[in-house]
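1. Quick one, what's the 3D model for this:
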Amino acid sequence: MSEDNFDGLKVMVIDDSKTIRRTAETLLQKAGCTVITATDGFDALAKIADSNPSIIFVDIMMPRLDGYQTCALIKNNSAFKGTPVIMLSSKDGLFDKAKGRIVGSDEYLTKPFSKEELLGAIRQHVKV
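-> Numbering: from 1, shown residues only. Just a heads-up that it's a prediction; the model follows:
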C-alpha cells in the first residue's frame, strides 16, 4: 500500500454530525489534507467560495439544505461544477445512489466510511 501525499490538498466535509466531521477531518489531516468543515449546505456554500476545495464530501441527510440540494447548487455553479462531490449516506440504497447521480455527484460512500474509502475517492477524482 503506497503512502499517499495529499499535502495541502483542500478537502471539504459537510455533515451535520460532529462525530462524522471529526472522524473525516482526523483521517484526512493525517494524509496531509487541509480540511474545511461545514455543518450544512448553507454553511458550506459560503465556505466553498472562500476556500475553493479540490473535492467535497457531503452528507445526504442534513437540515435546511440536504446533500442533494447542496450538490445540485455546487454543480450548477460554473466556478465549481468541475469540483468532485462525493455523497455520504448511512443508507446504502439504489434510489439514493441514483438520485445522487442525477444531481451530479461523482461517487457515493456509505457511512461509516473507512480511511481507505475516503482516500480512494480522492485518488480517483482529484489529480494530485
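2. just the strands in this protein please.
-> 10-14, 34-38, 55-59, 85-89, 107-110 (DSSP state E).
3. between those strands, which one is nearest to Ala72?
-> Shortest separation from Ala72 across these is recorded for strand 85-89, at 9.5 Å, computed as CB to CB. From N, CA and C alone the C-beta is placed, and that goes for glycine too.
4. Listing partners with orientation, what would you give for that closest one?
-> strand 55-59 (parallel), strand 107-110 (parallel) (DSSP bridges).
5. worst average pLDDT in these?
-> Sorting the strands paired with strand 85-89 by mean pLDDT places strand 107-110 lowest, at a mean of 94.
6. Show residues contacting that strand.
-> Strand 107-110 is contacted by residues 57, 84, 86-92, 96-97, 100, 117-118, 121, 124-125 when judged by CB atoms under 8 Å, 6 or more residues apart in numbering.
7. Would you tell me which one of the strands paired with strand 85-89 is buried the most?
-> Burial of the strands paired with strand 85-89 is given as mean neighbour count (mean count of other CB atoms under 10 Å); strand 55-59 ranks first at a mean of 26.
8. Below-threshold pLDDT in this protein: ranges please.
-> 1-4, 128 (pLDDT under 70).
9. Let me see the ranges of the helices in it.
-> 18-30, 41-51, 67-75, 94-102, 115-125 (DSSP state H).
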